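Visitor: the following block contains a protein sequence and its predicted model.
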Amino acid sequence: VTVVSGLAAGARQGILIKGGVYLEDARKIKAVALDKTGTITEGKPKLVAFEPVDTGLDQRVLEGLAKSLAGRSDHPVSKAIAEGLSTADQEVGEFQAVAGRGVQGVIGNHSYALANHRWIEERGQCSAELEARLAVHEEAGRTVTLLANSERVMAICAVADTIKPSSAQAVADLKSLGVTPVMLTGDNIATARTVGSQAGIAEVRGNLLPEDKLQAIGELQQRLGITAMTGDGINDAPALAKADIGFAMGAAGTDTAMEAADVVVMNDDLRRLPELLRLSRRVHGVLWQNIALALGIKAVFLVLAVAGGATMWMAVFADMGASLMVVANGLRLLRR
C-alpha cells in the first residue's frame, strides 16, 4: 500500500514511475547525468544566423540546400533550420541521418551534408579561418551546423536555444539533496559550458556520441555510485538504459527514449527529479515506520501472552488493528 500510494503521488505530479523498485531506489541516487537540448534547454531552438562561407555562392541556393536536408530530419536543430529558412526545398535522394553527427543526402546528383563541428573535422574540411568563425557562435552559446559538399564547407547555420526557467532551480535542488549534476551533450564544448554555467552545472562534457554517453554513465557509476540519466532523444536511449534509473522527458521526448527509461516526466520540468528523490525518501521512511509499528505491536502482544495477560481482543488488535494502522499510514503519502 505504501509503495502504490507513492507511485500514485508521483503520477499526480506528472511523474510516471514504471515500478516500485525505481521509486524505492531513487533515494540512493548520487549523480544525475543531464542531456542539454530538450532537457536543460527548451528544446525549441531558432535559427539566428545563416552565413555563406564563400561569398561567391548564391545564398538563396545554399538556403534551399540546407532546408531540403534539414526538413527531412526530426532533430530539434534540423527543425529550427528548416523553419528558419523561407526558400523552397528540393527532392533529396539517399537521405541518411548519422547519429551524433548530422544528416546527408543527394540533391541534383551531388552529395551534401548538414554536419556538426565534429563531423566536419572528421571529414577534413576544417580550416583556421572557419574555426575562428565557428568560435564566435559557440562562445555565444549557439549550436553550429555546417552545410558541406564532398569538397568544402559552404555555409554556417547558427541555432540558439534558451534554458528552461526551471532548470537552474532543479540543479540547485539536486545539489542540496547531495546529488552531483553532470551535463552530457553531443553539442560543442563551448556551447555546453555556456549553458552549463547558466544552469549551475560545473561538470560539463561535450561532443559526445551515443556510445560516448554510454561510457560516461559507466564512469560516473564507478566514481560516484548510483547514477541516473535524463534525456529525451534517440541518442540518449543507450545511456538511459545503462543508467541505474533513466528519466525521459515525456512531452517532447521520443518514443525510443520513453521506452528505454524507467521514469517519464510528463511536463518536461526538471524540478520533478528532486521531487521524486524527496518522495522516495518519504516512502522509505513510511515503510520503516510501518515495519516498526507492525512488529512492535506484535512484540507487545507476545510479551503479554507469555505473561498470561493477553485477551482475544488484544489478538484481534495485534493482527487486524496493526494492518489497518499500517494501511492508513501508507495512504498518508497521497495527501501531497
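Guide: Structure's in. What do you need?
Visitor: tell me which element the nearest residue to residue 317 once chain neighbours are set aside is part of?
Guide: Of all residues not flanking residue 317 in the chain, residue 297 sits nearest, at 7.5 Å (Cβ to Cβ, 6 or more residues apart in numbering). Using the backbone N, CA and C atoms, a C-beta is placed for each residue, glycine as well. Counting by DSSP states H and E, the element that carries residue 297 is helix 272-307.
Visitor: I'd say residue 143 and residue 186 touch.
Guide: No - in this structure, residue 143 is not within contact of residue 186 by Cβ atoms under 8 Å, at 9.6 Å.
Visitor: hey, what's in contact with both of the two?
Guide: Common neighbours of residue 143 and residue 186, counting by Cβ atoms under 8 Å, 6 or more residues apart in numbering, are residue 116.
Visitor: what about the closest residue to residue 210 other than its chain neighbours, neighbour count?
Guide: Spatial nearest neighbour of residue 210, chain neighbours left out: residue 235 (4.8 Å); criterion: Cβ to Cβ, 6+ apart. Around residue 235 there are 24 other residues, counting by other Cβ atoms under 10 Å.
Visitor: about what we covered before: residues near the residue nearest to residue 317, how many?
Guide: Residue 297 has 19 nearby residues by other Cβ under 10 Å.
Visitor: got the contact list for it?
Guide: Counting by Cβ under 8 Å, 6+ apart, residue 297 has contacts 317, 318, 321, 322, 325.
Visitor: buried stuff in the helix or strand that contains residue 138?
Guide: Taking DSSP H and E as the criterion, residue 138 maps to helix 128-139. For helix 128-139, burial by neighbour count (16 or more other Cβ atoms under 10 Å) applies to 130, 133, 134, 137, 138.
Visitor: and if you look at stretch 152-170?
Guide: Those would be 153-161, 163-164, 166-170, for stretch 152-170 by 16+ other Cβ under 10 Å.
Visitor: next step: those restricted to strands.
Guide: In this view, the buried residues of stretch 152-170 that belong to strands under DSSP state E are 153, 154, 155, 156, 157, 158, 159, 160.
Visitor: which of these sits closest to residue 177?
Guide: The nearest member of those to residue 177, counting by Cβ to Cβ, is residue 160 at 31.2 Å.
Visitor: identify the bridge partners of that closest one.
Guide: In this entry, residue 160 is beta-bridged to residue 46, by DSSP bridges.
Visitor: I figured it hits residue 144, correct?
Guide: No - counting by Cβ under 8 Å, residue 144 is not a contact partner of residue 160; they are 10.5 Å apart.
Visitor: what's the closest non-adjacent residue to the residue positioned nearest the centre of the chain?
Guide: Closest residue to the average C-alpha location of the chain: residue 231 at 2.0 Å, with Cα atoms, centre = their mean. Nearest residue to residue 231 in three dimensions, chain neighbours excluded: residue 35, at 3.8 Å (Cβ to Cβ, 6+ apart).
Visitor: tell me how far that neighbour lies from residue 186.
Guide: 9 Å (Cβ to Cβ, to the nearest Å).
Visitor: burial measure for residue 226, as a count.
Guide: Neighbours of residue 226 using other Cβ under 10 Å come to 17.
Visitor: my guess is it contacts residue 32, does it?
Guide: No - with contact defined as Cβ under 8 Å, residue 226 does not reach residue 32; the gap is 10.1 Å.
Visitor: about what we covered before: in a markdown table: the ones in strands among the buried residues of stretch 152-170, plus distance to residue 108 and pLDDT.
Guide: A markdown table is the format used below for those (distance: Cβ to Cβ, whole Å; pLDDT from 0 to 100):
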| residue | distance to residue 108 | pLDDT |
| --- | --- | --- |
| 153 | 19 | 91 |
| 154 | 14 | 90 |
| 155 | 16 | 91 |
| 156 | 22 | 92 |
| 157 | 20 | 92 |
| 158 | 26 | 91 |
| 159 | 25 | 89 |
| 160 | 31 | 85 |
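Visitor: need the max-distance pair from those residues.
Guide: Between any two of these, the greatest separation by Cβ to Cβ is 21.2 Å, found for 154 and 160.
Visitor: could you pull out the helices for the stretch 201-336 of the chain?
Guide: Assigned by DSSP state H, counting those that start in this stretch, the stretch 201-336 of the chain shows helices spanning 210-224, 237-242, 255-260, 272-307, 312-316, 322-331.
Visitor: report the buried residues of the longest one.
Guide: Spelled out, that is helix 272-307. Buried, per 16+ other Cβ under 10 Å, within helix 272-307: 272-277, 279-280, 282-284, 286-287, 289-290, 294, 297, 301.
Visitor: what's the angle from that helix to helix 322-331?
Guide: Interaxial angle of helix 272-307 relative to helix 322-331 (axes from the mean of the first three to the mean of the last three Cα atoms, to 10 degrees): 170 degrees.
Visitor: show the average pLDDT along helix 272-307.
Guide: For helix 272-307, the mean pLDDT works out to 89.
Visitor: repeat for the second one
Guide: Per-residue pLDDT over helix 237-242 has a mean of 90.
Visitor: contacts for it?
Guide: Residues contacting helix 237-242 (Cβ under 8 Å, 6+ apart): 33, 184, 210-211, 213-214, 216-218, 229, 231, 246-248, 254, 256-257, 259-261.
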